[in-house]
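Enquirer: what follows is a predicted structure for the sequence shown.
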Amino acid sequence: MSTDRRQHGATWTLTSVALVVRGPALDPDALTARLALRPTATRPPGPSRWGPPDDVDGEWRLQCDERTTRDFAAQLDTVLTAAEPYAEQWRALVAEGVSVALVVRGYVDNDSQLALTAEEMRRVARLGLPLTLTPSTSER
């Protein structure tokens, strides 16, 4: 039996990787100016058009999805490469009470797997942020 985890089961499809910053008083424009890093999406505090009624946090997002590449490793590398120089700033935001996380989303079937190499895990760990995996079993 092979020990290569990438060989077992199907992989996640239509993945996206995002660094997501959220907070009830988060001003996305001020955060953009503070970091001098351009986000891929923002939302000011207030009711969300797509989320549940209690989703009122402001959001700043740096995301790579299937519109850029369908290769998960390339998506992860794109976001990590952009985020790594700001590791201290992400931790400072967390200390200020803001939520900062690396979020991976994708569609899955039974036995689907998402493999990360040891080097990818080291890079994620060095950021010091939570890694959230959000699989979806809905039809795509």
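Expert: Okay, I see it. Everything numeric in this text was worked out from a predicted model, so none of it was measured.
Enquirer: going by neighbour count, which residues in stretch 12-29 are buried?
Expert: Using 16 or more other Cβ atoms under 10 Å as the test for burial, stretch 12-29 gives 12, 15-23, 26, 28. Bear in mind the C-beta positions are built from the backbone N, C-alpha and C, glycine included.
Enquirer: ok, stretch 91-108 next?
Expert: Of the residues in stretch 91-108, those with enough neighbours to count as buried (16+ other Cβ under 10 Å) are 93-94, 98-106, 108.
Enquirer: over to stretch 70-86?
Expert: For stretch 70-86, the neighbour count (16+ other Cβ under 10 Å) marks 72, 75-80, 82-83, 86 as buried.
Enquirer: still on that earlier bit, what's the closest of the buried residues of stretch 12-29 to residue 40?
Expert: When the buried residues of stretch 12-29 are ranked by distance to residue 40 (Cβ to Cβ), residue 18 comes first, at 7.8 Å.
Enquirer: per-residue confidence for the closest one?
Expert: Residue-level confidence at residue 18 comes out at 96, pLDDT.
Enquirer: likewise for residue 49?
Expert: Predicted confidence (pLDDT) at residue 49: the value is 79.
Enquirer: isn't residue 120 right up against residue 79?
Expert: No: with contact defined as Cβ atoms under 8 Å, residue 120 does not reach residue 79; the gap is 11.1 Å.
Enquirer: re the thing from before, okay if I get the buried residues of stretch 70-86 as CSV plus pLDDT and secondary structure?
Expert: Conversion of these to CSV gives the following (pLDDT from 0 to 100; DSSP: H, G, I helix; E, B strand; the rest coil):
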residue, pLDDT, secondary structure
72, 90, helix
75, 94, helix
76, 95, helix
77, 96, helix
78, 96, helix
79, 96, helix
80, 97, helix
82, 96, helix
83, 96, helix
86, 96, helix
